[in-house]
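Asks: Give me a 3D structure for the following:
(chains A and B)
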2 protein chains.
Amino acid sequence: MFLKSVFKAASKDQWRPIIKAFTEVVGKDGVVRRKDELLTYECDGLASYRQRPAVVVLPRSTEEVAAVVQLCNQYNLKWVARGAGTGLSGGALPLEDGVLIVTARMNEILETDLSNQRVVVQPGVINNWVTQAVSGKGFYYAPDPSSQIICSIGGNIAENSGGVHCLKYGVTTNHVLALKIVTADGSIVDVGSQVPEMPGYDLTGLFVGSEGTLGIATEITLRILKAPESVAVLLADFTTIEAAGNAVAAIIGDGIIPGGMEIMDNLTINAVEDVVGAGCYPRDAGAILLVELDGLEVEVTHNIQRTAEICRENGARETTIATDAEKRAKLWKGRKAAFAAAGHLSPDYFVQDGVIPRTQLAAVLRDIEALSQEYGYPIANVFHAGDGNLHPLILYDESVAGALETVEEIGGKILKRCVEAGGSISGEHGIGADKNCYMSEMFSAVDMETMQYVRTAFNPKGLANPTKLFPTPRTCGEAANAQKTAQWKGAQLY
Amino acid sequence: MFLKSVFKAASKDQWRPIIKAFTEVVGKDGVVRRKDELLTYECDGLASYRQRPAVVVLPRSTEEVAAVVQLCNQYNLKWVARGAGTGLSGGALPLEDGVLIVTARMNEILETDLSNQRVVVQPGVINNWVTQAVSGKGFYYAPDPSSQIICSIGGNIAENSGGVHCLKYGVTTNHVLALKIVTADGSIVDVGSQVPEMPGYDLTGLFVGSEGTLGIATEITLRILKAPESVAVLLADFTTIEAAGNAVAAIIGDGIIPGGMEIMDNLTINAVEDVVGAGCYPRDAGAILLVELDGLEVEVTHNIQRTAEICRENGARETTIATDAEKRAKLWKGRKAAFAAAGHLSPDYFVQDGVIPRTQLAAVLRDIEALSQEYGYPIANVFHAGDGNLHPLILYDESVAGALETVEEIGGKILKRCVEAGGSISGEHGIGADKNCYMSEMFSAVDMETMQYVRTAFNPKGLANPTKLFPTPRTCGEAANAQKTAQWKGAQLY
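Replies: From the prediction side, this is the model:
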């Protein structure tokens, strides 16, 4: 499946001067034009959407990015930014006849300022490198998406990535102090600062999670945290997933804020046992709950015991506590392998990403189970329970005709159920090319129109990642009258 | 001092149909037009700026606000929103021949949802009422500006207010989940949701702190927190303010995150002792440090002892710990009275509000002292030390010719020093009408232009709080070429 361009395709002759201009900016080794080499870039982590870009450009600096974007403006070329390409919503899916700006060569840690707990990086720096760079001094970078050893900070900014620890520590936006941005018109803009209080509009917060539609972050100032003195992990097993959900609510209700809190259902437990083995989790459990606590030793020691107590009060059959690193890793092992293990349950799986208020966990999980029964597709549940971020895995076989369509239908129904429950259609994977048609489930036409006006403020010609994030009139129809109202809006500065 | 209107004044005849239309929307008792009654509204907490509005309108609902704003659009009337009018930067200063929309009658708590830890309020609700409404159930609303018993949530949203506890808990923006907004063109827009993860642009974060330039928040969903199990306060006295500053850095460096951490210098200590008396603080101390810790009892008990130890290691002469409510209140008493007490030191004082990285505290305080010596004006320091938010109080006598101008000059130099140190020109009081000329100290022309484009997205005719927040070409000159570039920006939606 690929998205048709909304722009006219250019001929080879028309590309010649453009390629020459790009080469002058980034050098010959920074321009990829050969078809076989372009293959690498034709999709991101959402491999069901594919499109070969016209050209890939690999700048090395803010100035080079600005020059490349200015050329795109000059030649009216639509463009997409790509970090490591691990995104799961097709946000970095190239566009037909478009330019793909890849940040892979912008991979330097520019500054480390431990006394002010900040690190300045280029967007191509891998998430995990940040922690590696400061862990020797007792610091770490909190947002930890599952892909943290391969995903880039630039991509994390675009998608406002979460992770296991975002319950306590927040998602990417809570850890970005400042950005240097090349906006879609090629301007270099500084937003944010090293102190948390800033006057004016919070453009840093606006930019994080904007999925490449406003520009490219070329320098990113991240907040790093002091590594906790002590960490403990608790494994509790329950006969039902509802009981595990109730334990989650009770732990938070008790005033404990775990670093992370994950639930895995019976189907996932057994998949993990089949693949990883080693008796990670009890095969007959309805669900297991993993709780990680961190902080001062006195606090962790007290709270982990209290957490175990609460689990038992909520029907846990058994609780295991690990404090040393090796034993903690053993308890986490199955959870870390869950997605890979799910791949062994069936030829294919479709992972959905929705959020619900914690209080709705039991009700929504029941409805997901009902959908599974109704359609006859098994659904495995493994999720960030503490913040209500569900990741149902719908198991199917793509070689069966119509299976993908049915699975997408189930996925859509799950998202609608999340919105009904007061939640959101995306917890951490983003909207991209995948979920833009669901935006109208969450936002009214006027809500989305307001976002479009903001988009226009940064991206006046609409060249930066068009067709992503928002439904387009062509594919969905909600933004139909946007063009009209744009005539009188956005015209006057004062 | 007042700001001249950039719009043409309307005649009485021109106002007649407008007043009639307003009256139809909000009723006769919702329109204030008599000169003596308008007096109440001619300034906010920054009383040195005064301007009588043409009319005050007091809507009761989102729909009424939208209708009023639509009328302003229809008649091209500039308007300013006002909450309780306690702001310290003139953000709610009326404009000549303009409309003042006052939210005082929108003072209902619309919904209390303890299980999801949220409260929905109208903008005129007083900050402290939120905590009062939920404290019986063990919850509270964290942002606590000094004015919390009189300031409104709507004003807190506009100014992104802070308070003593924002070191640990963040400022207002960290506690706003969702907003219903009437944008400056009269549209009703919903932003945010009750779950923290949301796709699309973070317009909630963009709106908070926008100082009334984008629209009016008419329904506000706030996050409430569980009241901590235990609270302890430590008072430590030091012979120098530098030593107190070093203790602050050492406490945070140790991994302890206090709820609040305040420093008062010798001048302020003695002012407080003169006024409040009762031996609050030692008169011969160079500075005192107040640290409040909250959390689980086991954690607070351990950390408060450790904090006292760190203070002694950094030269504290004496440390006092209070855990019960009465004794804690006694330790806080002097700090709470500090601004009032400063009023007794001299006929007038000018309070500045700047932020610096914590590591720069000692250096910047030394420079403030040097400025005090150079100009011969005493400066008292009382501030949120944990987050580097300085509040130097410059003492003067307004009846002395030129004194106010000199004091403003000193204030400006302090702000410039904050920016040089990597900080900000406002920690929590906002820019408003007071500091917009300093914006260019922090932001380049292109940075501010980008903010202007965003402003235009919400406020296309420029009627919502013009002349505030940003320097205008007339008063400063930085935005001179904005009009020109606006011609090609902001014109296309896609």
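Asks: going forward, measure contacts between C-alpha atoms and count neighbours the same way
Replies: Fine.
Asks: from the chain's centre, how far out does stretch A:119-126 sit?
Replies: 17 Å (CA atoms, centre = their mean, to the nearest Å).
Asks: Tell me the span between the first and last residue of that stretch.
Replies: 13 Å (CA to CA, to the nearest Å).
Asks: anything in that stretch near chain B?
Replies: No. Using CA under 8 Å from any CA of the partner chain, stretch A:119-126 never reaches chain B; the gap is at least 14.2 Å.
Asks: With stretch A:88-98 instead?
Replies: No. Applying CA under 8 Å from any CA, one finds stretch A:88-98 separated from chain B by no less than 11.7 Å.
Asks: Name the residues that touch that stretch?
Replies: The set of residues external to stretch A:88-98 that reach it, using CA atoms under 8 Å, 6 or more residues apart in numbering or on different chains, is A:3-5, A:9-10, A:41-46, A:49-55, A:77-83, A:85, A:100, A:211-212, A:429-435, A:468-469.
Asks: rerun that using 7 Å as the cut-off
Replies: A:4-5, A:9-10, A:42-46, A:49-54, A:77-82, A:85, A:100, A:211, A:429-434, A:468 (CA atoms under 7 Å, 6 or more residues apart in numbering or on different chains).
Asks: again, but for stretch A:267-279
Replies: Outside stretch A:267-279, the residues touching it (CA under 7 Å, 6+ apart) are A:280-281, A:283, A:334, A:337-338, A:341-342, A:345, A:380-382.
Asks: Same check on stretch A:405-422?
Replies: Contacts of stretch A:405-422 (CA under 7 Å, 6+ apart): A:352, A:354-357, A:360, A:368, A:394, A:424-425, A:441-442, B:194.
Asks: Make a PyMOL selection of the buried ones in the contacts of stretch A:88-98.
Replies: Here is the PyMOL selection string for the buried members of the contacts of stretch A:88-98, based on 16 or more other CA atoms under 10 Å in any protein chain shown:
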select buried, chain A and resi 42+43+44+45+46+49+50+51+52+53+54+77+78+79+80+81+82+85+100+211+429+430+431+432+433+434+468
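Asks: check the contacts of stretch A:88-98 against chain B, which are close?
Replies: A:430-431 (CA under 7 Å from any CA of the partner chain).
Asks: so who does A:V25 touch?
Replies: A:64, A:67.
Asks: Quickly find the element holding it.
Replies: Assigned by DSSP states H and E, A:V25 belongs to helix A:12-26.
Asks: Can you mark which positions in that helix are buried?
Replies: A:18-19, A:22-23, A:25-26.
Asks: Kindly reformat those residues as a markdown table containing pLDDT and distance to B:E63.
Replies: Formatted as a markdown table, these follow (pLDDT from 0 to 100; distance: CA to CA, whole Å):
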| residue | pLDDT | distance to B:E63 |
| --- | --- | --- |
| A:I18 | 97 | 52 |
| A:I19 | 97 | 54 |
| A:F22 | 98 | 52 |
| A:T23 | 98 | 56 |
| A:V25 | 98 | 54 |
| A:V26 | 98 | 54 |
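Asks: would TSV of these with distance to B:H175 be doable?
Replies: Putting the buried residues of helix A:12-26 into TSV (distance: CA to CA, whole Å) gives the following:
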residue	distance to B:H175
A:I18	48
A:I19	48
A:F22	45
A:T23	48
A:V25	45
A:V26	44
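Asks: Out of those, which is nearest to A:G315?
Replies: A:V26 (61.2 Å; CA to CA).
Asks: Show me the strands in the stretch 201-350 of chain A, by range?
Replies: Along the stretch 201-350 of chain A, the stretches classed as strands by DSSP state E, counting those that start in this stretch are A:215-223, A:225-226, A:230-238, A:260-265, A:287-295, A:318-322, A:348-351.
Asks: Out of those strands, flag the one nearest chain B.
Replies: strand A:225-226 (6.7 Å; CA to the nearest CA).
Asks: Pairing partners for that closest one, with directions?
Replies: Strand A:225-226 pairs in its sheet with strand A:139-140 (antiparallel), by DSSP bridges.
Asks: quick one: the helix or strand just after the partner strand near chain B?
Replies: Going down the chain from strand A:139-140, the next helix or strand is helix A:153-159, by DSSP H and E. No. Using CA under 7 Å from any CA, helix A:153-159 stays clear of chain B, coming no nearer than 8.8 Å.
Asks: Quick check: next helix or strand after helix A:153-159?
Replies: In N-to-C order, the element after helix A:153-159 by DSSP H and E is helix A:166-169.
Asks: so the helix or strand A:V189 falls within versus strand A:215-223, what angle?
Replies: Using DSSP H and E, A:V189 sits within strand A:188-192. Between the axes of strand A:188-192 and strand A:215-223, defined by axes from the mean of the first three to the mean of the last three CA atoms, to 10 degrees, the angle is 30 degrees.
Asks: So is strand A:188-192 next to chain B?
Replies: Yes. Using CA under 7 Å from any CA, strand A:188-192 reaches chain B at A:189-190.
Asks: Show me the contacts of stretch A:405-422 that map onto helices.
Replies: Judged by DSSP state H, helices contain the following of these: A:368, A:441-442.
Asks: Name the nearest of these relative to A:A67.
Replies: Using CA to CA, the ones in helices among the contacts of stretch A:405-422 come closest to A:A67 at A:M442, 36.9 Å.
Asks: Next one: that closest one from A:G209, what distance?
Replies: 16 Å.
Asks: Over to A:D254?
Replies: 32 Å.
Asks: Going by neighbour count, which of the contacts of stretch A:267-279 are buried?
Replies: By 16+ other CA under 10 Å, the contacts of stretch A:267-279 give A:280-281, A:283, A:334, A:337-338, A:341-342, A:345, A:380-382 as buried.
Asks: so who does A:V119 touch?
Replies: A:V119 neighbours (CA under 7 Å, 6+ apart): A:111-113, A:221-224.
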